[in-house]
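*Asks:* quick one, structure for this:
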Amino acid sequence: MSNSVRASAMVFEDTLSRRLLDQIQRIAPSDATVLITGETGTGKELIARKIHAMSLRAKERFGAVNCTALSESLIESELFGHEKGAFTGALENKQGWFETANKGTLFLDEVGDMPLGLQAKLLRVLQEREVVKVGSRKATPIDVRVIAATNVNLEDAVAAGHFRPDLYYRFNVAAIHLAPLRERKGDILPLARHFLQVYSSHLGYEADLAPEAIHLLLEYDWPGNIRELENAIHRALLVCPAGRLRPQDFKLSGLRPQAPPQVLKSSSSLESALRGLFDSAPPKLFEVVEEALIRTAYDYCDRNQVRTARLLDISRNILRHRMAQYGISCASKNGKRVDIAVNYQQPTDRVRI
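*Replies:* As a prediction, the model looks like this:
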């Protein structure tokens, strides 16, 4: 399930991500070879699939090969194919990835770890636009767009003699760099809510994020990037009580989050907390504050709507509207979670903070 979940998690909310989308839109329609760089877990295959989907080859096949997942003795056969009897175990003719992706796009992941001998053969394929199967002397023409990806600094690998400079230049026609998740904070909550919705639906119950959990997710550095965020949400859902994800439900390696704001008793301390929030400038600031206020008040009032509306000095209709807006579920007397039905005229007043 994980690959399909992550494949739908295309988020371009952060400023860096929006710039990336602009770059993809310019590159995709061409047939240029693309090199995608970035840390492990940043979504390099997602971007490759996005480029393919926006290209003129979108209706053709997209093939994906992890070069580190294949042994050195088999990778040539996997990429270029082999003839029957070419080696022990070659019981029939087999097409390689280049042939099966013909007319489409082939994504080569982790090319920085590819053996030097194979690099020379791959370079010839890219230059001549043809493949020769293992055990054959006949060249087969191909028409494939190649997108390569790596978490290795290829310039350093070239300087160290681990990567062919001519292959590097062939790959590096159009370069895309994926920033780590810690540098695009605006994508964290949309991604978290995407994974939360998908996995909670799969598990068969509704769930939401406590305000303190939102603070935790925004403060954490996410060294494992999108993959770590997905796994963290999935795990938290499995252990959280009553469909509410709390900070203690997350098991994050090397976690050193700042303490979340505590309940403040004076207007001066509240003002100080808000100024600190303004300094961090999270996306959709008003919605973050408003959602945290309503969720906290609702919990404080034992999830009673009448008491919550009275505490916040707003009408119950407005409270129900805000709860529906932020996906806050109410609980019936038997403990089952039910959806909030809202039938009202658009309110004109706002929650006072």
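
*Asks:* how is the chain divided into domains?
*Replies:* Per automatic domain parsing, the structural domains of the chain span 31-179, 185-338.

*Asks:* mean pLDDT lowest where, among those domains?
*Replies:* For the domains of the chain, mean pLDDT drops lowest on domain 185-338, to a mean of 80.

*Asks:* re the thing from before, how about the domains of the chain in CSV, adding mean neighbour count and distance to residue 16?
*Replies:* Yep, even glycine has a C-beta here, placed from its N, CA and C like the rest. As requested, the domains of the chain are exported to CSV (neighbours: other C-beta atoms under 10 Å; distance: least, C-beta to C-beta, whole Å):
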stretch, mean neighbour count, distance to residue 16
domain 31-179, 17, 5
domain 185-338, 16, 8
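
*Asks:* nearest to residue 18 among those would be which one?
*Replies:* Closest to residue 18 of those is domain 185-338 (C-beta to C-beta; 9.0 Å).

*Asks:* which element is the residue most central in space within the chain on?
*Replies:* In the chain, the centroid-proximal residue (C-alpha atoms, centre = their mean) is residue 226; its distance is 4.3 Å. Per DSSP states H and E: residue 226 is located in helix 225-239.

*Asks:* residue 66: what's its closest spatial neighbour, skipping adjacent residues?
*Replies:* residue 109 (4.7 Å; C-beta to C-beta, 6 or more residues apart in numbering).

*Asks:* that neighbour is in contact with residue 43, isn't it?
*Replies:* No - the criterion here is C-beta atoms under 8 Å, and residue 109 misses it with residue 43 at 11.7 Å.

*Asks:* just the helices in the stretch 251-353 of the chain please.
*Replies:* In order along the chain, the stretch 251-353 of the chain carries the following helices (DSSP state H, counting those that start in this stretch): 267-280, 285-300, 305-312, 316-325.

*Asks:* and these as JSON lines, adding distance to residue 144?
*Replies:* Below are the helices of the stretch 251-353 of the chain laid out as JSON lines (distance: least, C-beta to C-beta, whole Å):
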{"stretch": "helix 267-280", "distance to residue 144": "45"}
{"stretch": "helix 285-300", "distance to residue 144": "45"}
{"stretch": "helix 305-312", "distance to residue 144": "59"}
{"stretch": "helix 316-325", "distance to residue 144": "47"}
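
*Asks:* so which of these is nearest residue 51?
*Replies:* Of the helices of the stretch 251-353 of the chain, nearest to residue 51 by C-beta to C-beta is helix 285-300, at 31.8 Å.

*Asks:* could you give the angle of that closest one to helix 316-325?
*Replies:* In terms of direction (axes from the mean of the first three to the mean of the last three C-alpha atoms, to 10 degrees), helix 285-300 departs from helix 316-325 by 110 degrees.

*Asks:* counting by contacts, list what helix 285-300 packs against.
*Replies:* The contact analysis (3 or more C-beta pairs under 8 Å, 6 or more residues apart in numbering; DSSP states H and E) places helix 285-300 against helix 211-219, helix 267-280, helix 305-312, helix 316-325.

*Asks:* point out the other helices and strands that the last one packs with.
*Replies:* The contact analysis (3+ C-beta pairs under 8 Å, 6+ apart) places helix 316-325 against helix 285-300, helix 305-312.
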